[in-house]
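1. got a predicted model here, sequence first, then my questions.
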Amino acid sequence: MSKVSPLRLAILTVVRNDRAGLIDTHDSLKGQLGPQVAWLVADGGSTDGTAEWLADHADQTVWWRSALDRGLYAAMNDGLDAARRLGFSHVLFLNAGDRLAAADSAMRLLQAIGRHPGAALLYGDALERQSDGRILLKRARSHRWAAFGMFTHHQAMIYSVPALARLRFDPAFRIAADYAFTLGALGRGPAIRLRWPICLFAPGGLSQRDAATGRREQEAIRRMQLGQRPLFAAAITALQRVALAGRQLFPTAYAKLRFRCPET
């Protein structure tokens, strides 16, 4: 077993044919990487110049690879395995196009990890870019509501590597494997709520483009991992559909209820 060094945060990015998004993520990490914070990138065999860009910027990463894989969650497993081998204590998954919320985000995360060394999971709020260009704050729900779905974006979650022993993303789920993974992490130790935004979330991801599949997978995960009865699990799925319909039909009202203007 590899030796885990104290307070070393791996920021893991997966990408496929999104060179511009990868560069955007990289730009948000400038000035934040160093001995305690490092960038790892798993590229799924891109053909748009992503691999060439990574090769040209190899000094910016402690690990990267470009190869065909089984998809998003297989790539996340590869990155997680690399973080384990390299002795990182914590991991944050920041997909291509996503950004750290601020120029001091990594430092604040290290400080939070130091205050809560026994936590299996730390999580916070997220900034979201709207279609009109505005950036709004989406506050996390409590992890105690995990039985009803994801309580914040996975890009706003920091996992303890020791707590994740033998825990992996299940590529059988196309969209909701991060939900199953997070439920597994919650069973490994305390979860700590951080009351500030961790990431700037890039909209238009797979979970938003195919929300119906995501809801079906989450229902199956709740039944499998939480032992929810079929009727109760289906009722939660129905409530999720109603919430999505409300967001689509009344976007202004939804934004007022769910979002806030960030303080900075």
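-> Good, I have the coordinates. Residues are numbered from 1 along each chain as shown.
2. what stretches of the stretch 101-250 of the chain score poorly on pLDDT?
-> Within the stretch 101-250 of the chain, the segments meeting pLDDT under 70 span 204-209.
3. tell me where it has helices.
-> Applying DSSP state H, counting those that start in this stretch to the stretch 101-250 of the chain gives helices spanning 105-115, 177-186, 206-209, 211-225, 230-249.
4. any idea which strand is longest in the chain?
-> strand 191-201 (DSSP state E).
5. so what angle separates the directions of that strand and helix 105-115?
-> Interaxial angle, strand 191-201 versus helix 105-115 (axes from the mean of the first three to the mean of the last three CA atoms, to 10 degrees): 170 degrees.
6. if I pick T61, what's in contact with it?
-> 38-41, 54 (CB atoms under 8 Å, 6 or more residues apart in numbering). Quick note: C-beta positions are derived from backbone N, CA and C, even for glycine.
7. the residues you listed in helices, which ones?
-> Those of these mapping onto helices are L54, per DSSP state H.
8. between the contacts of T61, which has the most around it?
-> Taking other CB atoms under 10 Å as the neighbour criterion, V41 ranks highest of the contacts of T61 with 29 neighbours.
9. ok, what's across the strand from it?
-> Here V41 sits in beta bridges with T13, W64, going by DSSP bridges.
10. which one among the contacts of T61 gets closest to Q225?
-> Minimum distance to Q225 across the contacts of T61 is 27.1 Å, recorded for L40 (CB to CB).
11. go ahead and confirm the closest one touches W64.
-> Yes. Between L40 and W64 there is a contact at 6.8 Å, judged by CB atoms under 8 Å.
12. quick one on the thing from earlier: now mean neighbour count too, for the helices of the stretch 101-250 of the chain, in CSV please.
-> Converted to CSV, these look like this (neighbours: other CB atoms under 10 Å):
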stretch, mean neighbour count
helix 105-115, 17
helix 177-186, 21
helix 206-209, 14
helix 211-225, 18
helix 230-249, 13
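13. can you redo those helices as JSON lines with distance to R84?
-> As requested, the helices of the stretch 101-250 of the chain are arranged in JSON lines below (distance: least, CB to CB, whole Å):
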{"stretch": "helix 105-115", "distance to R84": "17"}
{"stretch": "helix 177-186", "distance to R84": "14"}
{"stretch": "helix 206-209", "distance to R84": "25"}
{"stretch": "helix 211-225", "distance to R84": "22"}
{"stretch": "helix 230-249", "distance to R84": "32"}
